[in-house]
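**Student:** here is my input; please provide its structure:
(chains A and B)
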There are 2 protein chains.
Amino acid sequence: MDTFMQAAIEEARQGRDEGGIPIGSVIVHEGRILGRGHNRRVQQGSAILHGEMDAFENAGRQPAAVYREATLYTTLSPCSMCSGAILLYGIRHVIVGENQTFMGEEELLRSRGVRVEVLDDATCIEMMRDFIADKPELWNEDIGV
Amino acid sequence: MDTFMQAAIEEARQGRDEGGIPIGSVIVHEGRILGRGHNRRVQQGSAILHGEMDAFENAGRQPAAVYREATLYTTLSPCSMCSGAILLYGIRHVIVGENQTFMGEEELLRSRGVRVEVLDDATCIEMMRDFIADKPELWNEDIGV
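**Tutor:** Below is the predicted model of the structure:
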């Protein structure tokens, strides 16, 4: 297991243990984690802090040159909002834990030149399956359904 | 002038007066402002609080049925991140102050069935022209350039 995907999974687990939605993300630049985060819908009543957005926010204001050489790791296929943030900042490489429980905007990202790798990681799949079975309404709210 | 676009412009002006980027937004549901906001890059060191994102955050957690009947007003054509949030939450109507100083993802929104109206408002254009002339580096940072 990639150490950075492991860090994203740790974020997701932390979110779950806080009673939140178990999705985590890290943004990596030159082998170092620039920002890490997890979904904060429950914890902060936030409509915009998905895991990836929280990682962007925690990475803070960065120069365009940094984003362009960065890789974003996320435990779940990124939704349209998080994919839009990836496009805004010109992140060119995205590593996705799984897309079986939710298929995000991977095709849009690829059509704009982003390299998207999907790991089909069993831990990520199980975490989301358990969560969706446990709290389907909360999950639907998070994806605008 | 539409009273809701006027509220978005007031948000933009407030941002400008705080030394920030002059873009504002309001989300309206059944004739009432649900959330309003402005860009907070400078004020909070935020990479994700564009005007529209700040309006979503201030509107808080809403049911899908509310978003679907809501209209988002923004003084500037929405970037990929904010357009992605509009798509995530199924906002079907977006009113844009202007797209002359920055063309966002209007075509993507329209291709997904969102009605996008552009007002070509002189106040919005002038505010952004003045800001970009004054602080080009800050503007480029905000749009990932």
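**Student:** okay, now the residue in chain A that chain B sits nearest to: neighbour count?
**Tutor:** Going by Cβ to the nearest Cβ, chain B is nearest to A:Gly84 of chain A, at 2.6 Å. All C-beta atoms are positioned from the backbone trio N, CA, C, and that covers glycine. For A:Gly84, the neighbour count with other Cβ atoms under 10 Å in any protein chain shown is 29.
**Student:** how about the residues of chain A near chain B?
**Tutor:** A:41, A:45-48, A:53, A:56-57, A:59-64, A:67, A:79-85, A:87-90, A:105, A:108, A:140-141, A:143-145 (Cβ under 8 Å from any Cβ of the partner chain).
**Student:** please name the nearest non-neighbouring residue to the spatially most central residue of chain A.
**Tutor:** The centroid of chain A falls nearest to A:Thr74 when counting by Cα atoms, centre = their mean (3.4 Å). Leaving aside its sequence neighbours, A:Thr74 sits nearest to A:Ser25 (Cβ to Cβ, 6 or more residues apart in numbering or on different chains; 4.3 Å).
**Student:** correct me, but A:Met128 touches A:Glu98?
**Tutor:** Yes - the criterion here is Cβ atoms under 8 Å, and A:Met128 meets it with A:Glu98 at 7.1 Å.
**Student:** give the residues shared as contacts by those two.
**Tutor:** A:Thr75, A:Leu76 (Cβ atoms under 8 Å, 6 or more residues apart in numbering or on different chains).
**Student:** quick one on the thing from earlier: looks to me like the residue of chain A closest to chain B is in a strand.
**Tutor:** No - A:Gly84 is assigned helix when assessed by DSSP: H, G, I helix; E, B strand; the rest coil, not a strand.
**Student:** what sits against it?
**Tutor:** Residues in contact with A:Gly84 (Cβ under 8 Å, 6+ apart) are A:Glu105, B:Cys79, B:Ser80, B:Met81, B:Cys82, B:Ser83, B:Gly84, B:Ala85, B:Leu87, B:Glu105.
**Student:** apart from its neighbours in sequence, what residue is nearest it?
**Tutor:** B:Gly84 (2.6 Å).
**Student:** A:Asn39 too?
**Tutor:** What sits nearest to A:Asn39 in space, not counting adjacent residues and going by Cβ to Cβ, 6+ apart, is A:Ile21, at 4.1 Å.
**Student:** doesn't A:Arg41 make contact with that neighbour?
**Tutor:** Yes - between A:Ile21 and A:Arg41 there is a contact under Cβ under 8 Å: 5.7 Å.
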